[in-house]
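Participant: 3D model of this:
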Amino acid sequence: QVQLVESGGGLVQSGGSLRLSCTVSGDTLEKYAFAWFRQAPGKAREGLLCINSKSERTYMKSSVRGRFYIIRDNFLNTVFLQMTNVTPEDTAVYYCATDLSSFCPDSEAAYWGQGTQVFVDS
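Facilitator: Next up is the predicted model:
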């Protein structure tokens, strides 16, 4: 049984940085694509970035391009979301997801973590 566990959320000042982690257990990470999503209060869940098994990255939301980065560490079996220059609009619960395939998951992905809350203080 594959499990994804996010961590690293918390309170950060506007303009600051934060790194979120998604640790995978039950399978090896290296074969699959993973994506980060987020859901703000009262809004739909939205995709941010994806990284495939070749470490090719796809931005799913233009407003995070140049500020958010997705990194995979196959040795640690962890996918990271590096957030920089954050704004209050980045306040949301952040999730990682995978379909256990080489294709980037969408909002109907099969496997999700429980999420980690990020608050950006203005």
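
Participant: residue nearest the centroid of the protein?
Facilitator: W36 (2.6 Å; Cα atoms, centre = their mean).

Participant: isn't there a helix covering that one?
Facilitator: No: the assignment for W36 is strand, going by DSSP: H, G, I helix; E, B strand; the rest coil, so no helix is present there.

Participant: Next, the buried residues of the worst-scoring helix or strand of the chain on mean pLDDT.
Facilitator: Here the helix or strand of the chain ranked lowest by mean pLDDT, DSSP states H and E is strand 57-59, holding a mean of 93. Buried residues in strand 57-59, counting neighbours by 16 or more other Cβ atoms under 10 Å, are found at Y59. From N, CA and C alone the C-beta is placed, and that goes for glycine too.

Participant: Make sure D121 is actually in contact with G10.
Facilitator: No: shown here, D121 and G10 do not form a contact pair, counting by Cβ atoms under 8 Å, at 10.7 Å.

Participant: can you give me the strands for the chain?
Facilitator: Ranges of strands within the chain are 3-7, 10-13, 18-25, 34-39, 46-51, 57-59, 68-73, 78-83, 92-98, 111-112, 116-121, based on DSSP state E.
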